[in-house]
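Asks: sequence? don't have it. structure:
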């Protein structure tokens, strides 16, 4: 694993990290609820119970995940759809406005998985319509997610 590199642009953020795990395993961590629930949210105090994750990983399929704050029990729901699925190379999915399902302004996350011979480079780009000041915070959040993903992948080997 190498440290994540992040770039914040105009209403977008790109995070790049190399994981010390084969591409197929890293793909599974993004595409299977039992893996995704472990690392999405970045860990304490936020957790993602497996019961709060649903993933229909195919173009047009829906996904949802609910983060729960272990300290106060508050919930932070996420949902969206998959726009593109090319296993184990590329995922494109949306983050929809949970509070206003009619809002067509979504965030789009594009994730590419590059096989580096037993290691995997992941490049995640999220772009959309959030206020510009949210993107540096998003980069920080993805860093925590990827740290947790690194721990999870190490336990799978």
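Replies: That came in fine, so what should we check first? Remember, predicted model here, so these are calculated numbers, not experimental data.
Asks: Okay, buried residues for whichever helix or strand residue 111 is part of please.
Replies: Here residue 111, judged by DSSP states H and E, is contained in strand 107-115. Going by neighbour count (16 or more other Cβ atoms under 10 Å), the buried part of strand 107-115 is 107, 108, 109, 110, 111, 113. C-beta coordinates here come from the backbone N, C-alpha and C atoms, glycine included.
Asks: What's the separation between the first one and residue 63?
Replies: Residue 107 sits 13 Å away from residue 63, going by Cβ to Cβ, to the nearest Å.
Asks: Could you do the fifth one as well?
Replies: Between residue 111 and residue 63 the distance, using Cβ to Cβ, works out to 13 Å.
Asks: Show me whatever sits in contact with both of those two.
Replies: residue 93 (Cβ atoms under 8 Å, 6 or more residues apart in numbering).
Asks: Looking at this structure, which helix is longest?
Replies: helix 134-156 (DSSP state H).
Asks: contacting residues around residue 144?
Replies: Applying Cβ under 8 Å, 6+ apart, we find residue 144 in contact with 42, 43.
Asks: Renumber starting at 9 from here on
Replies: With 9 as the first residue, the last one maps to residue 152.
Asks: still on that earlier bit, quick one: list the elements packing against the strand holding residue 119.
Replies: helix 31-39, strand 98-103, strand 128-135 (3 or more Cβ pairs under 8 Å, 6 or more residues apart in numbering; DSSP states H and E).
Asks: can you list the ones you listed in CSV and add mean pLDDT, distance to residue 161 and mean neighbour count?
Replies: Below are these laid out as CSV (pLDDT from 0 to 100; distance: least, Cβ to Cβ, whole Å; neighbours: other Cβ atoms under 10 Å):
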stretch, mean pLDDT, distance to residue 161, mean neighbour count
helix 31-39, 98, 6, 20
strand 98-103, 97, 17, 18
strand 128-135, 98, 9, 19
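Asks: between these, which gets nearest to residue 13?
Replies: Among these, the nearest to residue 13 by Cβ to Cβ is strand 128-135 (9.6 Å).
Asks: So what touches that closest one?
Replies: 17, 19-27, 29-31, 33-34, 103, 115-122, 146, 150, 154.
Asks: Please find the angle between the direction vectors of it and strand 98-103.
Replies: Angle between the axes of strand 128-135 and strand 98-103 is 30 degrees (criterion: axes from the mean of the first three to the mean of the last three Cα atoms, to 10 degrees).
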